[in-house]
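**Q** Pasted the sequence and its predicted model underneath.
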Amino acid sequence: MTTPATFDKIFLVGMPGSGKSTLAQQLKAQLKLPAFDLDQIIETKEGFSIKQIFETKGEDAFRKTETTELQKIIHQYPQFILATGGGTPCFHQNMELMMQSGLVIYLDVPVNMLGKRLEYQSDRPLLQNLTHKALQEKLNQIYQQRNSIYRKAHLHVQGVDIPAEHVLQLIDYLKMGSPA
């Protein structure tokens with residue numbers, strides 16, 4: 001496991017529905033750092049939902065905007081917690097950028113639980129209009145494509161409901177092993 005350059009910038013990565021946004025808010029309260037959701041930032045900037053951006057501009061345009069906004073956050077804020085989109089680490093060397101900029105934490109939630117969480121959400125462009133079985137198959141496919149990228153993270157946390165306290169303990173443990 002590599003040690004992050006800094007613990008002042010925390011990036012949460014993982015599959016859609018893994019709880020990145022929820023955990024970011026919980027860590028914000030504990031660490032007293034600003035917390036951001038990359039998808040919300042993009043929606044505010046573009047004036048459209050992620051789903052609408054995918055439909056009107058396409059995934060390539062969305063991924064370019066995503067990378068630009070990620071770079072802006074990294075350079076604009078000295079400290080933060082960022083819930084990334086599920087695909088953020090997988091495009092334009094974003095994972096490498098995040099790894100060099102701060103602490104990357106992979107939230108690894110079982111695919112069957114992701115399916116339960118996402119089954120009735122229609123705002124996920126890559127997962128909309130799917131039957132339960134098709135959703136599970138699509139999530140398995142995406143997981144297989146992305147897992148090796150996610151696993152590059154400094155911390156890999158597995159579970160269904162990942163408590164902020166557990167993540168904070170892991171961060172503290174990792175800090176103890178890093179040079180001051």
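**A** Thanks, I have it. Residues are numbered from 1 along each chain as shown.
**Q** which residues in the chain form strands?
**A** For the chain, the strands defined by DSSP state E cover 9-14, 35-37, 80-83, 103-108, 155-158.
**Q** Where does pLDDT dip in the protein?
**A** 1, 120-129, 178-180 (pLDDT under 70).
**Q** and residue 119, what does it touch?
**A** 132, 135 (C-beta atoms under 8 Å, 6 or more residues apart in numbering). No exception for glycine: its C-beta is placed from N, CA and C like everyone else's.
**Q** gap between it and residue 44?
**A** Here the criterion is C-beta to C-beta, to the nearest Å. By it, residue 119 lies 27 Å from residue 44.
**Q** list the buried ones in stretch 13-25?
**A** By 16 or more other C-beta atoms under 10 Å, the buried positions in stretch 13-25 come out as 13, 14, 15, 16, 17, 18, 19, 20, 21, 23, 24.
**Q** Straight-line length of that stretch, end to end?
**A** 14 Å (C-alpha to C-alpha, to the nearest Å).
**Q** can you list the residues that contact that stretch?
**A** 12, 35-37, 81-86, 88-89, 95, 98, 104-109, 111, 113-114, 117-118, 121, 124, 126-127, 139, 142-143, 146, 150, 153, 161-162, 164, 167.
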